[in-house]
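Student: below are the sequence and a predicted model for it; my questions follow.
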Amino acid sequence: MAERSDAELLEDLLAREQRLLSAYEAALRRDAIDASLGETLRDDEREHVQALERTLARAGRRNPRASVPSPELTAALRDRRSFARHAMELEDATRAMYAEAAPRMRDPELRRPLGSIMCCGAAHVVALKDSLGVFLVN
Amino acid sequence: MAPSLTRREALGGAAAALLVASCGGGDPPPATGPKPGSGAALLGSLLALERASFAAYGACLEVLRGEARAQVHAIRAQERGHAAGLERLITDLGGEPPPGRSAEEYERTFPRLRTAADALRFTQDLEERQVRAYLEALTDLPDLALRNAAAGICSDEGNHLATARVLQGLPAAEGPFVTGAL
């Protein structure tokens, strides 16, 4: 299989970040997350989305189309604990995508900032674990 | 009036001193084998930092209790695993992992940790330095397999850093970018 380009990898990451952003926006609307925590996580995701969009724009790429909410999200919005567990899964899957994509970037200048976002994702998982009262270290 | 040094700054300075001590002339680079530019020297620096952090967390555990102690104990166990992984990578490159220092040698570089708050601030400073070191390695390591390994460990260090912050009552992430931004 052909190696994917930097732009293609960034588009995949952007799609994941948009999904996370939508999830936190929905959770805040439905009171499925503590407002202060939800706003912090949402704002971080918004920054990640904007940074990826700017990087893709510089590469002359258009943003991928936003996806529809998943049935899993709809189900998770029923209460705070189920949303926190759902968000943890999304965050951890996104963190894993960054861990795979960052080392593959052909442009070495992109590796560090993507690693930085990966670490922010790891921190989000810790924040969500803390909200659930579970052990913080992986 | 003379500028005062906050306890946080003092502990941060101590973490920096520990970093310098762990990566300085005391730990020789891998002695034989790997080609120049293979990444073995950089891995050796990361290994020295992991070993120093492992030793530092031993000092932290002496003043921590309860939940915080359990979390830092788990962090310390992971650092040992990271060190073992880095040793294997250096060996695979044909190098010899640097020998490291005795616990007493590391201990001389630590700040005096009087309280749990001191230990957690020191933990946070150490983890910030580790995250930065692995992010730099992610940029600089020449081989994809080595960068994959660095990314995996960096993700763990991000978890540790956030844990240290939460244990101090701080937000898990300081901002959307742990260091550096797109």
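Tutor: Done, it's in.

Student: residue boundaries of the helices in chain B?
Tutor: Using DSSP state H, the helices of chain B run over residues B:7-23, B:40-61, B:66-92, B:103-107, B:116-140, B:144-167.

Student: counting neighbours, what do you get for residue 60?
Tutor: Here I'm looking at chain A. 7 (other Cβ atoms under 10 Å in any protein chain shown). (Each C-beta comes from the backbone N, C-alpha and C, glycine too.)

Student: wrong one, chain B
Tutor: 26.

Student: what residues are up against it?
Tutor: B:72, B:113, B:119-120, B:122-123 (Cβ atoms under 8 Å, 6 or more residues apart in numbering or on different chains).

Student: swap the cut-off to 7 Å and go again
Tutor: Counting by Cβ atoms under 7 Å, 6 or more residues apart in numbering or on different chains, B:Cys60 touches B:72, B:113, B:119, B:122-123.

Student: now for those residues, which pair is the farthest apart?
Tutor: Maximum pairwise distance in these, criterion Cβ to Cβ, is 11.4 Å, between B:Val72 and B:Leu113.

Student: the spatially most central residue of chain A sits in which helix or strand?
Tutor: The residue lying closest to the centre of chain A (Cα atoms, centre = their mean) is A:Glu17, at 3.8 Å. Element membership of A:Glu17, judged by DSSP states H and E, is helix A:6-29.

Student: show me the shaky parts of chain A.
Tutor: Counting by pLDDT under 70, chain A contains low-confidence residues at A:1-2, A:63-66.

Student: give me every residue in it lying close to chain B.
Tutor: A:40, A:44, A:47-48, A:51-52, A:54-55, A:95, A:99, A:102-104, A:108, A:111-113, A:115-120, A:122-124, A:126-127, A:130, A:136-138 (Cβ under 7 Å from any Cβ of the partner chain).

Student: filter those residues down to just the ones in helices.
Tutor: Short answer: the residues of chain A next to chain B in helices (DSSP H) are A:40, A:44, A:47-48, A:51-52, A:54-55, A:95, A:99, A:108, A:111-113, A:115-120, A:122-124, A:126-127, A:130.

Student: so what's the residue nearest the centre of chain B scoring on pLDDT?
Tutor: Nearest residue to the geometric centre of chain B (Cα atoms, centre = their mean): B:Gln130, 4.0 Å. Listed pLDDT for B:Gln130 reads 97.

Student: how about B:Thr115?
Tutor: 97.

Student: what about stretch B:53-65, distance to the chain center?
Tutor: Put simply, stretch B:53-65 sits 13 Å off its chain's centre (Cα atoms, centre = their mean, to the nearest Å).
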